[in-house]
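Engineer: Here is my input; please provide its structure:
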Amino acid sequence: MMQQAAPYYDCTIAVQDTAIRSHSSGAQKWFTCALGAAVGAAVGLVALSVAQDVPAQTSLPVQLFSRAAIATPTPKALMSSQSLRSPLSGAIPDYATSALSSAAAAVPGGMPTELRGSATEAHTRSPVAGLSLAVMSVVAFGLGLLSRRRTFQQVQPPPQSLAEIALMAWTSEHNYDYDLVVIGAGSGGVRASRIAASHGAKVALLEPSMSHGPPNYSAVGGTCVNVGCVPKKLMVYGSHYSHDMQDAKSYGWNVPDGITLDWSTLMANKDKEISRLNGIYKNMLVNAGVELIEGWGSLQDEHTVAIKQDRGAAEPDKTISAYKILVAVGGWPFIPDIPGKDLCITSNEAFYLKECPKRIVIIGGGYIAVEFACIFKGYGADVTLMYRGDMFLRGFDDDIRDHLANEMKEMGIDVQFNTNPAKVEEAADGSFVVTTEAGAQVPCDKVMYATGRKPYIQNLGLEDVGVELNERDGAIKVDEYSKTNVDSIYAVGDVTNRINLTPVALLEGHCFADTEFGGMDRVPSHENVACAVFSQPPLGTVGMTEAEAAKKFPKVAIFKSGFRPMVHTMTGASTRVLMKLIVDVATDGVLGVHMCGPDAAEILQGMAVAVKMGATKKDFDSTVGIHPSAAEEFVTMRSPSYFLVDGEKVDKLP
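Structural biologist: Numbering: from 1, shown residues only. As a prediction, this is how the structure comes out:
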């Protein structure tokens, strides 16, 4: 029984259906089938001729094309599907959709069986509709070829259908200088650049300096490599030797008294290593096909970046354009506006001191303040740590914070909570005096502020192009895909102030590149991110704190264990280890793992995998420990120390 023809917008599906199911009677079907095949063949030849000078791979594999197609039979909806988060998203005009569908309709298998079935009964089509479709296809591809967009090369099989070839033909190039311009060669920017280039994108990466040191301090590699994680960890290692040499005496080593520090050797070797890493990053980027440009970048419009060699220059030295722009400029140390602020140093300058200060006052309560207090103490300085709050390291588990504070005091660090400097003055001999708001005065040789970092957005031109910022901290507002409110502009890393950690910036940059240039759909997860503070002793953590768990879960079990680490059973040192597990009573799921003690960072990396996978306390209990080790304590804590019921601490469950 003949069925009524489908609406005109569905005619492309009808062409494919009749091309496949041409066994039915009627001259119209054969005519439409032949017409669809002819149009498809013509489109294929045009696409192939155009594709001779572009990569044969496509960033939109047929499975994505088909998955979007299954969702709706209309060409318009097909190409606007959220499944196709790619360089083409939202960019394909209406006239191209019919051409793509026509190409897919021309051969069996060009679209999935599920879609063919939607037009099973639509055997009767008007020759006029078929002719109109052919004309539309030819016109669409003619216009499409005049406004082609670049295809991003990937390691993928060659196109398997005319649908993919048609996509390639239409998307072969754009009119911008680059597919991607990245401002800032830090962790997130470097990762995004390399991955985007591996997908075939033409990428330019802007960085003001190619080597570390004043006045820019940071260089290619970003804060982490130049004035952050890497030099900090090297200095942490070095500061341990003063303790290790004392401990060695208890293990039979005749360590002479009066061992001295050659600070200049430390600085020279540190600088040499950072310079080596600068070179590695530059070579890595060049080998990946990224064009590394030295200069300050700023936004001129939503697709144009101005480049200046002198940041304060009135006019740019040159401008470049890009299909997409990624801002990854990181953060910069912040010093409150108090009298004498110009006399203070930050972590930037701390890495380039000519000598180790004999006395130093460090102000702050985050990672940097705590870590540098331990570093300078290990190198022999008298250290005063001032923090305006009741306890430092806000956001970490309270037991771990208290434990570390006590350990640092045992080391001889003068930890002063609820203390805030009012002014800093320079004495006649070149030393300094810090006066607190309470009127106390602390003399010292250096004053270091470590009161946080702010997004480094000055002179970026964000306001000029309408990029929205958070009012509280000036960070760039982004969505889950790291996109700003301006479609072509994205941001990753510390400049967005989500989780300011190097591995998080790496993840955000990688997900951005895979999503925008690799045809994938990757959203960076900011849940259960492990982290460590390289204090002495270090601490590591992943998941919820006790306070966070108490707010979210009605019944929580707390497991704690404290002990002297084996290495110090012979040294007589009073240092102790604290380990803690947070468990949801209802599901037995491990919500958080926390530790303060030797090797905490190394141990917690493994714990982070377990928490990310949703491990239960039973999983921990059934794991055989490594003996003798501190880490085995995490799998041998059998009895809860106490419980939390609706936020209240109890010894037993009711």
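Engineer: tell me which residues of stretch 222-240 are tucked away?
Structural biologist: By neighbour count on 16 or more other CB atoms under 10 Å, the buried set for stretch 222-240 is 222-232, 234-236, 238-240. (Glycine included, C-beta is placed from N, CA and C.)
Engineer: Oops, could you answer that again for stretch 297-309 instead?
Structural biologist: For stretch 297-309, burial by neighbour count (16+ other CB under 10 Å) applies to G297, S298, L299, Q300, D301, E302, H303, T304, V305, A306, I307, K308.
Engineer: for it, what is the average pLDDT?
Structural biologist: For stretch 297-309, mean pLDDT rounds to 96.
Engineer: what's the span of that stretch, first residue to last?
Structural biologist: By CA to CA, to the nearest Å, the extent of stretch 297-309 from end to end equals 9 Å.
Engineer: OK, contacts around R453?
Structural biologist: By CB atoms under 8 Å, 6 or more residues apart in numbering, the contact list for R453 reads G331, W332, P333, F334, D494, N500.
Engineer: hey, what's it bridged with?
Structural biologist: In this entry, R453 is beta-bridged to P333, by DSSP bridges.
Engineer: same deal with K555?
Structural biologist: K555 has the following beta-bridge partners by DSSP bridges: V645.
Engineer: That one - how many residues pack around it?
Structural biologist: K555 has 17 neighbouring residues, counting by other CB atoms under 10 Å.
Engineer: Which members of the buried residues of stretch 297-309 define the maximum pairwise distance?
Structural biologist: Checked with CB to CB, the buried residues of stretch 297-309 reach their widest spread between E302 and K308, with 19.1 Å between them.
Engineer: Burial check on D342, number of neighbours?
Structural biologist: Neighbours of D342 under the rule other CB under 10 Å: 8.
Engineer: That one in helix, strand or coil?
Structural biologist: Following DSSP: H, G, I helix; E, B strand; the rest coil, D342 is assigned to helix.
Engineer: distance of it from L469?
Structural biologist: For D342, the distance to L469 equals 27 Å [CB to CB, to the nearest Å].
Engineer: Please verify my assumption that H199 contacts H510.
Structural biologist: No. With contact defined as CB atoms under 8 Å, H199 does not count as touching H510 (11.3 Å).
Engineer: ok, these two, which is more surrounded?
Structural biologist: Set H199 next to H510 and count neighbours by other CB under 10 Å: H199 wins out with 25 against 20.
Engineer: Do you know the pLDDT at the more buried one?
Structural biologist: Listed pLDDT for H199 reads 96.
Engineer: Which phi and psi values does it adopt?
Structural biologist: phi -90, psi 0 (degrees, to the nearest 10).
Engineer: list the helices and strands the helix or strand where Q416 lies packs on?
Structural biologist: Assessed by DSSP states H and E, Q416 sits inside strand 414-417. The contact analysis (3 or more CB pairs under 8 Å, 6 or more residues apart in numbering; DSSP states H and E) places strand 414-417 against strand 382-387, helix 398-411.
Engineer: Please save the CA atoms from that strand in CSV.
Structural biologist: Provided in CSV are the C-alpha atoms of strand 414-417 (Å, rounded to 0.1, in the frame of the first residue of the first chain):
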residue,chain,number,x,y,z
ASP,A,414,58.2,30.2,65.4
VAL,A,415,54.6,29.7,64.2
GLN,A,416,52.4,32.7,65.1
PHE,A,417,48.7,32.4,64.4
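Engineer: Find the residue ranges of this protein scoring beneath the pLDDT cut-off.
Structural biologist: Applying pLDDT under 70 to the chain picks out residues 1-173.
Engineer: same thing but at 80, please
Structural biologist: 1-174 (pLDDT under 80).
Engineer: correct me, but F334 touches K454?
Structural biologist: Yes. With contact defined as CB under 8 Å, F334 reaches K454; the gap is 4.8 Å.
Engineer: Spell out the residue ranges of the helices in the stretch 451-600 of the chain.
Structural biologist: For the stretch 451-600 of the chain, applying DSSP state H, counting those that start in this stretch gives helices covering 502-517, 546-552, 600-612.
Engineer: if we can go back for a sec, mind checking which of the contacts of R453 are buried?
Structural biologist: The neighbour-count test (16+ other CB under 10 Å) marks G331, W332, P333, D494, N500 as buried among those.
Engineer: Isn't the last one up against A475?
Structural biologist: It refers to N500. No. Using CB under 8 Å as the test, N500 is too far from A475 to be in contact (9.7 Å).
Engineer: Report the set of residues contacting both of those two.
Structural biologist: With CB under 8 Å, 6+ apart as the test, N500 and A475 reach no residue in common.
Engineer: Return the member of the contacts of R453 nearest to R401.
Structural biologist: Among the contacts of R453, N500 lies closest to R401 (CB to CB), at 18.7 Å.
Engineer: what residues are up against that closest one?
Structural biologist: By CB under 8 Å, 6+ apart, the residues touching N500 are G331, R453, G493, D494.
Engineer: Just put the residues you listed in JSON lines and tack on distance to K649.
Structural biologist: Supplementary listing: those in JSON lines, determined by distance: CB to CB, whole Å:
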{"residue": "G331", "distance to K649": "38"}
{"residue": "R453", "distance to K649": "36"}
{"residue": "G493", "distance to K649": "39"}
{"residue": "D494", "distance to K649": "37"}
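Engineer: Now the two most distant members of these.
Structural biologist: Greatest spacing in those, by CB to CB: R453 and G493 (11.4 Å).
Engineer: Do me a favour and get the end-to-end distance for stretch 532-543?
Structural biologist: Distance across stretch 532-543, first residue to last, is 12 Å (CA to CA).
Engineer: right, I mislabeled it, should have said stretch 325-338
Structural biologist: 37 Å.
Engineer: Skip ahead from the helix or strand harbouring G297 and say which helix or strand is next.
Structural biologist: Using DSSP H and E, G297 maps to strand 296-301. Beyond strand 296-301 on the C-terminal side, the first helix or strand identified by DSSP H and E is strand 304-308.
Engineer: That next one pairs with which strands, parallel or anti?
Structural biologist: strand 296-301 (antiparallel), strand 318-327 (antiparallel).
Engineer: Contacts made by that strand with the rest, please.
Structural biologist: 181, 183, 206, 293, 295-300, 316-322, 325, 461.
Engineer: Can you tell me which of these are buried?
Structural biologist: When the contacts of strand 304-308 are checked for burial by 16+ other CB under 10 Å, the buried set is 181, 183, 206, 293, 295-300, 316, 320-322, 325, 461.
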